[in-house]
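# Give me coordinates for this.
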Amino acid sequence: MKGFVHIPVMLDECLEALITDPCGVYVDGTLGNGGHAEAILERLQPGGLLVGFDRDSESVERVGRNLRSGAGKRVELVHDNYANMAARLDQLGIGKVTGILLDLGVSSMQLDEADRGFSFRQDAPIDMRMDRSRGTTAAELLNTVDEQVLADLIYRYGEDRDARRIARLIVEERSRTRIETTGQLAALVERAKGGRKGRRIHPATQTFQALRMAVNEELAAIGQVLENMIGRITAGGRFVILTFHSLEDRMVKQFFNRHVPREESLQQGGVKRICEDPPVEWVWRKPRTASAEEQSANPRSRSAKLRAVRVGG
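Next up is the predicted model:
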């Protein structure tokens with residue numbers, strides 16, 4: 001696809017897990033740069049349908065121009081958070097789907113666009129909203145929330161043990177001048193953590209991750225799409241999710257495990273099969289990770305974990 005230079009993570013593994021019926025209805029809940037969506041579409045026969053979601057209107061517009069040019073009616077694109085997937089499918093008259101793919105986190109294109117404020121690699125306004133048409137920016141959050149709330153946010157979403165020190169320094173700095181740019185924030189966090197000290201990963205990485213997740217309410221969205229969509233997948237269909245850090249992965253794993261049947265011994269003898277409906281089974285018992293070759297070619301894939309379940313009847 002012309003204009004797409006970023007490599008979709010674990011593409012072959014995602015397609016292997018997802019596509020069970022080339023005439024089915026598939027949902028890409030995170031269009032991003034369109035790599036996974038394009039590959040799914042290529043696997044579908046004329047009777048198949050791809051529904052793509054993204055909360056970033058620029059992504060929907062960009063990907064739509066490419067996908068629709070050769071796909072005709074086989075594609076429906078929706079500008080919305082995947083948390084609202086069930087309601088938007090209802091509006092499209094779509095009931096059950098054959099498979100769902102979610103590639104969680106921020107897209108490479110968003111990281112590369114300095115004015116989005118996701119990255120400290122270039123100095124720019126701290127925005128971090130995946131949907132720039134609504135919501136609170138990271139700068140607004142940084143300059144208004146209570147120190148304790150800010151520390152809790154950085155600790156919970158960034159899993160950073162220096163969260164209290166970082167929050168304290170941010171609050172001290174904003175009492176003198178408003179924190180507006182990625183460069184300001186990165187320098188503050190670096191100072192709070194005592195500088196680089198030979199670290200391979202920039203000291204501000206976890207704080208930037210935490211702010212992005214808070215601004216976009218990412219964990220809440222993941223919980224909503226899991227709860228609302230697990231029952232919308234046809235028997236034999238797949239739910240496939242790529243995660244990029246431990247909070248997401250833990251959440252996905254625990255949710256799917258509640259739907260995997262287990263046997264519990266009864267006091268009066270025999271066993272009872274326990275699970276939440278609908279029952280599922282793991283496509284692979286352990287999550288897949290990117291090959292050494294892919295990790296070398298595409299550094300973003302290094303932290304990726306791919307989990308997939310098959311929905312039972």
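
# For residue 302, the count of nearby residues, please.
14 (other CB atoms under 10 Å). C-beta: built from backbone N, CA, C; applies to glycine.

# Can you name the residues that contact it?
Counting by CB atoms under 8 Å, 6 or more residues apart in numbering, residue 302 touches 290, 295.

# center of this structure, which residue is that?
By CA atoms, centre = their mean, the chain has its centre lying nearest to residue 104, at 1.5 Å.

# ok, which stretches of the protein are helices?
Using DSSP state H, the helices found in the chain span residues 11-18, 35-43, 57-71, 85-91, 108-112, 138-142, 147-158, 163-174, 182-192, 205-215, 218-229, 246-259, 292-297.

# hmm, back to that, got the contact list for the residue nearest to the centre of the chain?
Per CB under 8 Å, 6+ apart, neighbours of residue 104: 30, 218, 222, 241-244, 248.

# Per the annotation, how does the protein divide into domains?
11-38+46-104+231-311, 114-215 (automatic domain parsing).

# can you tell me the distance between the two ends of the longest one?
Using CA to CA, to the nearest Å, the span of domain 11-38+46-104+231-311 from its first residue to its last is 21 Å.

# Now do the longest strand along the chain, average pLDDT.
Looking across the chain with DSSP state E, the single longest strand is strand 233-243. Averaged over strand 233-243, pLDDT sits at 97.

# what does stretch 139-148 give?
On average, stretch 139-148 scores 96.

# repeat for stretch 15-25
In the prediction, stretch 15-25 has an average pLDDT of 96.

# so which of the contacts of residue 104 comes closest to residue 99?
residue 241 (11.4 Å; CB to CB).

# Now do the closest one against residue 105, distance only.
Distance, residue 241 to residue 105, using CB to CB, to the nearest Å: 11 Å.

# If you count surrounding residues, which of those two has more?
residue 241 (29 against 24).

# Where does pLDDT dip in the stretch 51-200 of the chain?
68-73, 107-115, 198 (pLDDT under 70).

# The closest residue to residue 237 other than its chain neighbours and residue 52, how far apart?
Leaving aside its sequence neighbours, residue 237 sits nearest to residue 98 (CB to CB, 6 or more residues apart in numbering; 4.7 Å). Taking CB to CB as the measure, residue 98 falls 15 Å from residue 52.

# same thing with residue 135?
Counting by CB to CB - residue 135 and residue 52 are separated by 21 Å.

# what about these two, which has more around it?
residue 52 (27 against 16).

# Do I have it right that that one meets residue 37?
Yes: counting by CB atoms under 8 Å, residue 37 is a contact partner of residue 52 at 5.1 Å.

# Identify the contacts common to these two.
28, 31, 63, 67.

# mind listing what's buried in stretch 127-142?
For stretch 127-142, the buried set under the neighbour-count rule, 16 or more other CB atoms under 10 Å, comprises 127-131, 135, 137-139, 141-142.

# Save those as TSV, and put in distance to residue 284 too.
Below are the buried residues of stretch 127-142 laid out as TSV (distance: CB to CB, whole Å):
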residue	distance to residue 284
127	37
128	33
129	34
130	29
131	33
135	36
137	39
138	36
139	41
141	38
142	40
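
# from the residues you listed, which two are the most distant?
131 and 142 (19.0 Å).
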